[in-house]
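> below are the sequence and a predicted model for it; my questions follow.
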Amino acid sequence: DVKVTQSSRYLVKRTGEKVFLECVQDMDHENMFWYRQDPGLGLRLIYFSYDVKMKEKGDIPEGYSVSREKKERFSLILESASTNQTSMYLCASSPPGQGAYEQYFGPGTRLTVT
Amino acid sequence: GQQVMQIPQYQHVQEGEDFTTYCNSSTTLSNIQWYKQRPGGHPVFLIQLVKSGEVKKQKRLTFQFGEAKKNSSLHITATQTTDVGTYFCAGSPSGDMRFGAGTRLTVKP
């Protein structure tokens, strides 16, 4: 079974802090994604990566950056957390092929910025 | 903005009633996927449709992909309490999947 793990289920940070959200998958998937999920807005794509050291902006990259130094790990970074970044963050991975394969999601990190 | 629109946002049904959620895109999609997210859980893949006019069934669930590949639907026959959750469609207009806002289904026993 594919397993996607995220470093924390719940996280509380203060405004202005730098926040790291880690995601690790164990199926040797090339593709990894970061989404945020908000009520009424569904899943919005923040960043994605099709290979190590490669990253692409999604629909809402402002205020975020990512790092993919190893194939199995994809990190989301909030450079200076703000209250409007309070949300559920979901990481996903999929086999190679843009848009062609199912995505496997991690359990999510519920981030609260105060 | 949202490239894939999904309606309705919420649906409350009596157990045994049918349920349908619709997904629409302004652009042609190369494929469409459907996911289910149980309360407190994460999205789980249900199915993928690729061909124009394709229809697939999984027990009480029927998935359709429109002839123009711009819309899709998920229909559940005779809902059960285990069907509770949020159903998302995800479409790929240009290689990257974009998710709809989801339809949250509640079922009254």
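Received, thanks.
> what pLDDT does residue 78 get?
By default, I'm working from chain A. Per-residue pLDDT puts residue A:78 at 97.
> wait, chain B
On the pLDDT scale, residue B:78 gets 98.
> any residues of chain A in contact with chain B? List them.
Within chain A, the positions lying close to chain B (C-beta under 8 Å from any C-beta of the partner chain) are A:35, A:40-45, A:48, A:56, A:58-59, A:90, A:92, A:98-100, A:102-108. C-beta here means a position set from N, CA and C on the backbone, and glycine is covered the same way.
> how about the strands in chain A?
A:4-6, A:10-13, A:19-25, A:31-38, A:42-49, A:56-57, A:64-70, A:73-78, A:87-94, A:104-105, A:109-113 (DSSP state E).
> buried residues in the first one?
Right, the one you point to is strand A:4-6. The neighbour-count check on strand A:4-6 (16 or more other C-beta atoms under 10 Å in any protein chain shown) flags A:4, A:6 as buried.
> and the residue nearest the centre of chain A?
Closest residue to the average C-alpha location of chain A: residue A:34 at 2.7 Å, with C-alpha atoms, centre = their mean.
> so who does residue A:111 touch?
A:11-13, A:19, A:21, A:78, A:81, A:85-89 (C-beta atoms under 8 Å, 6 or more residues apart in numbering or on different chains).
> at 10 Å what do you get?
A:8, A:10-13, A:19, A:21, A:36, A:76, A:78, A:81, A:85-89 (C-beta atoms under 10 Å, 6 or more residues apart in numbering or on different chains).
> check residue A:17 too.
So residue A:17 contacts A:78-82, A:113-114 (C-beta under 10 Å, 6+ apart).
> who's the residue lying closest to residue B:54 once chain neighbours are set aside bridged to?
Spatial nearest neighbour of residue B:54, chain neighbours left out: residue B:65 (4.4 Å); criterion: C-beta to C-beta, 6 or more residues apart in numbering or on different chains. Counting by DSSP bridges, residue B:65 is bridged to residue B:72.
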